[in-house]
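>>> Have a look; sequence and predicted model below, questions after that.
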Amino acid sequence: MASQQPSFEFKPGSLGRNLKNFNGDLDHLVAAVVDYRGDRAIAWMRTKAKWTDRTGNARQTLSAHAEHKVYANGFEHEIHLYGGMPYQIWLEVRHAGKFAIIGPAVKYQGLALMKQLTSLMTKLSAR
């Protein structure tokens, strides 16, 4: 029985094309993590807000929006955290920020996002 030797064929241009595809696939993974973290940020803010909300409107309108942009030289992903009530700003700044939730969510969710992306990159590099 003849054993077959592994073979490798290099086609000019295929490396660049495959690298571009890999970057696109990696971008989709990052976008999925950013979307997930945006959803988690909403839940985190709504459960961790320290203030009493008599009408429920301020807590219910705490939200996040993930945005993904494509540029010629790469991709950009953002998560916008916000509250939907006109008085939301006062919940953030009054009493020296004692009852703030959006500011702390930016820090907490930002760290969680970076930890999750670092874990993803570590797993990808181990392959």
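All right, it came through fine.
>>> Tell me where this protein is predicted with low confidence.
Confidence mapping of the chain against pLDDT under 70 gives the ranges 1-23, 127.
>>> just the helices in it please.
Applying DSSP state H to the chain gives helices spanning 14-48, 57-60, 88-93, 102-125.
>>> who wins for proximity to N73 among the ones you listed?
helix 14-48 (10.9 Å; C-beta to C-beta). No exception for glycine: its C-beta is placed from N, CA and C like everyone else's.
>>> packing partners for the closest one?
When contacts are defined as 3 or more C-beta pairs under 8 Å, 6 or more residues apart in numbering; DSSP states H and E, helix 14-48 sits against strand 63-71, strand 74-82, helix 102-125.
>>> what's the closest of these to T52?
Closest among the helices and strands packed on helix 14-48, using C-beta to C-beta: helix 102-125, at 17.1 Å.
>>> Not counting sequence-adjacent ones, nearest residue to the spatially most central residue of the chain?
By C-alpha atoms, centre = their mean, the mean C-alpha position of the chain lies nearest to V34, the distance being 2.0 Å. Among residues not flanking V34 along the chain, H77 sits closest, at 4.4 Å (C-beta to C-beta, 6 or more residues apart in numbering).
>>> distance of that neighbour from A41?
14 Å (C-beta to C-beta, to the nearest Å).
>>> same check, this time on S119
Relative to A41, and taking C-beta to C-beta, S119 is found at 18 Å.
>>> who's more crowded, the two?
A41 (25 against 11; other C-beta atoms under 10 Å).
>>> I'd like the distance between the more buried one and M121.
21 Å.
>>> Check H95 too.
The separation that H95 has from M121, given C-beta to C-beta, amounts to 40 Å.
>>> Then H28?
For H28, the distance to M121 - C-beta to C-beta - is 14 Å.
>>> try V33
From V33 to M121 the distance is 11 Å (C-beta to C-beta).
>>> More neighbours: which of these two?
Set side by side, V33 and M121 show more neighbours around V33, with 17 against 13, by other C-beta under 10 Å.
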